[in-house]
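> after the sequence you'll find the predicted model.
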Amino acid sequence: MSVVGNPVRRRVELTFRYAVLIVLALLFLMPLYVMVKTAVSQPEDVTSKTFVWWPANPNWGKFAEIFADERFGQSLVTSAIMAVSMTVGQIIIGALAGYGLARIPNRASKPLLALTVTMLLIPSATTFLPNYLIVSWLGWTESLQGIVIPTLFTAFNVFLFRQFFISFPRELEEAGKLDGLGYIGTFVRVVLPNSLAFAAALTVLGFLGAWNAFLWPLVVAGTGFGALTVQVYLSSFITAQTFDYTGLFAAGFLASIPVLLVFILLQRWLLRGVAETGLGGA
Amino acid sequence: MTQLNTPVARVSDPGHRPTPPPSVPRRRRPIRGTRRAFWLFVSPFFLGLLIFSIIALFWGFYLSFTRAVATITPTDFVGFDNYVSLLTDPSFLSSLLSFTVFAVLVVPTTLIVSLVLAMLVANLPVARAFFRSVFFLPTAFSYVIASLIWKLGIFSGSTSSVANSVLSSLGLPTVDAWLTQSPYYWVVIVSVRLWLQVGFYMLLFIAGLQRIPETLYEAAAIDGLSRGPRRFFSITWPQLRPTTAAVMLLLLVAAFQAFDEFYNLVRTIPSVRPPLLYIYNLSFQQLDYGKGSAGAFVVTAIVVLVALLQSRFFGFGAADETKAPRRGARKGRAS
């Protein structure tokens, strides 16, 4: 940040900065190291009285062994279905409503937008009980649709899509209309193909949130077998007394692979998602 | 990251922004089927919103005035009894206290650490993207996984755990029960949230730092203010004010909605039970949906109130261009 100052001093400063950053980076990565290390530890490493940097005889087979518990594999599948359907549904419903509010003239759009913005103010976590009442009234407890469907209607996505479509170049749409396309045709053939980057950013962000969701799946499905997500399943071992520590860490690592992959492969979109959503006014 | 959604959205709240009149395109002949198209596009969302948000909220509101134990269709109207019993319940009041302690610990810590990380990373000549990724990586993990690592790994209480190994290598006494003793459990709870969310706020601060015009620093250098804390406090900190205010609000609202790590780390300890965990226990263990709903509304009211108060005192709402001059004026008076 320093624009001036003598070069020697600057170099010392920079070296110091890198030293601090390396220490901090190791500290931030330490929990992941602990997770993998414990997962491959042997029982004698776990009960050891002194700190073990790395097990002398790592048990990599642990990652396969934990699939002996069929419910673990099932919970991964449940989580995958839940996260994908939540993300896709939220994006489609959000994009449609956002476009309608931004671009199709109607007297109702102003009050509907006001309603959407009001819903943004209500803290999402405190609505879990009212939402549960509806799910329970519909008879959807302990079911995947009970977890997924109530979360599809996020004012947040609608609002962001509306803001995005408001500044979408009108000329492109006009061209579509000249070609004889109606609103739906214009949206599908012209608007959507030109909005993929924005949609991808929100999708990546939404997927992480959905995969990591805990309170809502816990409320709807509990720890029963109906729709057990991997987060809720693992949590039931953390809060109870567990004996297979290493298995639990192995399961935790496997349950984190989807988010790790997203992070490594789609980080560009993730960063953009944070920028689109978090930086709006900051 | 779901729990971030609501507060983040508020950052760019358009509430007061003049909505472009929907009638603008009317200058030419309305396209055939315009009305039908509008409802086709917006009705999936608004029907869902009606059922899963609006009816749900009214239903919960109604329940909060009834005796609804183990039923969601009660008939026994009890007026304000649920609210009175809630606000005189020592465990609800202690949950508000838990939240206060938690917020006092976690909000400033996260704010400072994320700002420091941002300043260390922001204009790094080499490996900037690498360090940014490393600090941002934890935000991809769930509270459940992080709680697992914290509870059974780092802070397990065994002498071979990371925390105790560090303590003993420093010649300090080790702790056997990190999660059942105050104040040790606060170390665990605050550090897990810090690890999970600091990277997100670091990104917000990096963006904030990049918006500070370089000319300000150049001007300061001419005035002999080229480095150190004075430069930070006379330029960086005041210029970051909108970001800081936004981050503080987001952190506070997120802290109020803390549930996952408390549930997974210290569920059995009554003295650290934040409001959401209290409501959860009330509704899903005691099946008291009436009092639980009352709790949900009280907590919602507090969150909204805190958000509004903070936006008043800290001039929050930078997205709101229409108000910008007034906010500037207010800032001017304050300084």
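Sure thing, it's come through. Numbers count the residues shown, from 1 in each chain, chains lettered A, B, ... in the order given.
> burial of residue B:89, as a residue count?
Residues lying near residue B:89 (other C-beta atoms under 10 Å in any protein chain shown) number 15. All C-beta atoms are positioned from the backbone trio N, CA, C, and that covers glycine.
> do you know the pLDDT at residue B:134?
At residue B:134 the predicted local confidence, pLDDT, stands at 96.
> and if you look at residue B:327?
Reported pLDDT for residue B:327: 34.
> likewise residue A:43?
At residue A:43, pLDDT is 82.
> same question, residue A:11
pLDDT, read off for residue A:11, is 88.
> helix or strand: which one has it?
Secondary structure assignment for residue A:11, by DSSP states H and E: helix A:7-39.
> buried ones in that helix, by neighbour count?
A:18, A:21, A:24-25, A:28, A:31-32, A:34-39 (16 or more other C-beta atoms under 10 Å in any protein chain shown).
> show me what it is packed up against.
helix A:245-265, helix B:90-121, helix B:128-136, helix B:143-148 (3 or more C-beta pairs under 8 Å, 6 or more residues apart in numbering or on different chains; DSSP states H and E).
> mean confidence score for the first one?
Computed over helix A:245-265, the mean pLDDT rounds to 94.
> the stretch 1-150 of chain A: helices as residue ranges?
For the stretch 1-150 of chain A, the helices defined by DSSP state H, counting those that start in this stretch cover A:7-39, A:43-46, A:62-65, A:70-103, A:109-121, A:128-137, A:144-148.
> gap between the second one and the chain center?
With C-alpha atoms, centre = their mean, to the nearest Å as the basis, the distance from the averaged C-alpha position of helix A:43-46 to the chain average is 34 Å.
> got it, and the fifth one?
Helix A:109-121 sits 24 Å away from the centroid of its parent chain (C-alpha atoms, centre = their mean).
> buried sites along it?
Neighbour-count burial for helix A:109-121 flags A:109, A:112-113, A:115-117, A:119-121 (criterion: 16+ other C-beta under 10 Å).
> how near is residue A:107 to residue B:39?
12 Å (C-beta to C-beta, to the nearest Å).
> neighbour count: the two, which is higher?
Counted by other C-beta under 10 Å, residue A:107 and residue B:39 do not tie: residue B:39 has more neighbours, with 14 against 11.
> and the more buried one, how close does it get to chain A?
In this view, residue B:39 and chain A are 8 Å apart by C-beta to the nearest C-beta, to the nearest Å.
> show residues contacting the strand or helix carrying that residue.
If you go by DSSP H and E, residue B:39 is part of helix B:34-49. For helix B:34-49, contacts defined as C-beta atoms under 8 Å, 6 or more residues apart in numbering or on different chains pick out A:93-94, A:96-97, A:99-101, A:104-106, A:108-109, A:112, A:115-116, A:119, A:149-150, A:152-153, A:155, A:158, A:182-184, A:187.
> just the C-alphas of that helix, formatted as CSV.
Written as CSV, here are the backbone C-alpha positions of helix B:34-49 (Å, rounded to 0.1, in the frame of the first residue of the first chain):
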residue,chain,number,x,y,z
THR,B,34,-48.4,-8.9,-22.2
ARG,B,35,-50.7,-9.5,-19.2
ARG,B,36,-50.7,-13.2,-19.7
ALA,B,37,-46.9,-13.3,-20.0
PHE,B,38,-46.4,-11.2,-16.8
TRP,B,39,-48.4,-13.6,-14.7
LEU,B,40,-46.8,-16.6,-16.4
PHE,B,41,-43.4,-15.3,-15.3
VAL,B,42,-44.2,-14.1,-11.8
SER,B,43,-46.9,-16.4,-10.6
PRO,B,44,-44.7,-19.4,-9.7
PHE,B,45,-42.7,-17.2,-7.3
PHE,B,46,-45.6,-15.3,-5.8
LEU,B,47,-47.8,-18.4,-5.4
GLY,B,48,-45.0,-20.0,-3.5
LEU,B,49,-44.3,-16.9,-1.5
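> only the buried residues of it, if you could.
Neighbour-count burial for helix B:34-49 [16+ other C-beta under 10 Å]: B:37-38, B:40-42, B:44-46, B:48-49.
> state the next helix or strand along the chain beyond it.
Using DSSP H and E, the helix or strand that follows helix B:34-49 in sequence is helix B:56-63.
> same question for that next one, mean pLDDT?
The average pLDDT for helix B:56-63 rounds to 91.
> by contact count, what packs against it?
Short answer (3+ C-beta pairs under 8 Å, 6+ apart): helix B:56-63 packs on helix A:128-137, helix B:289-313.
> of those helices, which stretch is the most buried?
helix A:128-137 (a mean of 22; mean count of other C-beta atoms under 10 Å in any protein chain shown).
> just the buried residues of helix A:109-121: which has the poorest pLDDT?
Lowest-confidence member of the buried residues of helix A:109-121: residue A:121, scoring 81 (pLDDT).
> that older thread, and the angle for the helix holding residue B:39 with helix A:109-121?
20 degrees (axes from the mean of the first three to the mean of the last three C-alpha atoms, to 10 degrees).
> tell me the angle helix B:34-49 makes with helix A:70-103.
Helix B:34-49 and helix A:70-103 meet at an angle of 140 degrees, taking the same axes, to 10 degrees as the criterion.
> gap between helix B:34-49 and the chain center?
Distance, centroid of helix B:34-49 to centroid of chain: 31 Å (C-alpha atoms, centre = their mean).
> then stretch A:142-159?
14 Å.
> OK, contacts around residue A:237?
With C-beta under 8 Å, 6+ apart, residue A:237 has these contacts: residue A:248.
> relative to residue B:184, how far out is it?
In terms of C-beta to C-beta, residue A:237 sits 23 Å off from residue B:184.
> in CSV: the buried residues of helix B:34-49, plus distance to residue A:77.
Putting those into CSV (distance: C-beta to C-beta, whole Å) gives the following:
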residue, distance to residue A:77
B:37, 38
B:38, 39
B:40, 34
B:41, 33
B:42, 34
B:44, 27
B:45, 29
B:46, 32
B:48, 26
B:49, 30
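> which of these sits closest to residue A:219?
residue B:48 (18.3 Å; C-beta to C-beta).
> might you list the low-confidence residue ranges for the chain?
Using chain A. A:1-5, A:125, A:242, A:278-282 (pLDDT under 70).
> you looked at the wrong chain, it should be chain B
Short version for chain B, where the test is pLDDT under 70: B:1-32, B:226-227, B:314-335.
> which phi and psi does residue B:77 have?
Backbone torsions of residue B:77, given as degrees, to the nearest 10, read phi -80, psi 130.
> over to residue B:180?
Torsion angles, degrees, to the nearest 10, at residue B:180: phi -120, psi -10.
> list the contacts for it?
Residue B:180 sits in contact with residue B:269, where contact means C-beta under 8 Å, 6+ apart.
> try the one 4 residues further on
When contacts are counted by C-beta under 8 Å, 6+ apart, residue B:184 is found next to B:175, B:177-178.
> element containing the most centrally placed residue in chain B, please.
In chain B, the residue lying closest to the centroid (C-alpha atoms, centre = their mean) is residue B:254, at 2.0 Å. Of the helices and strands defined by DSSP H and E, residue B:254 is found in helix B:241-256.
> and that helix, how far out from the chain middle?
For helix B:241-256, the distance to the chain centre is 7 Å (C-alpha atoms, centre = their mean).
> what's the following helix or strand after it?
helix B:260-266.
> so the helix or strand just after that next one versus helix B:289-313, what angle?
For helix B:260-266, the following helix or strand on the C-terminal side (DSSP H and E) is helix B:275-284. Between helix B:275-284 and helix B:289-313, the angle comes out at 160 degrees (the same axes, to 10 degrees).
> could you name the helices and strands sitting against helix B:275-284?
helix A:128-137, helix A:215-221, helix B:90-121, helix B:260-266, helix B:289-313.
> which among those is found nearest to residue B:70?
Smallest distance to residue B:70 across these (C-beta to C-beta): 7.9 Å, for helix B:289-313.
> does chain A sit close to that closest one?
Yes - for helix B:289-313, a contact with chain A is found by C-beta under 8 Å from any C-beta of the partner chain, at B:289, B:292-293, B:296-297, B:299-300, B:303-304, B:307.
> identify the farthest-apart pair in those residues.
So for the residues of helix B:289-313 next to chain A, where distance means C-beta to C-beta, the most widely separated pair is B:289 and B:307, at 26.3 Å.
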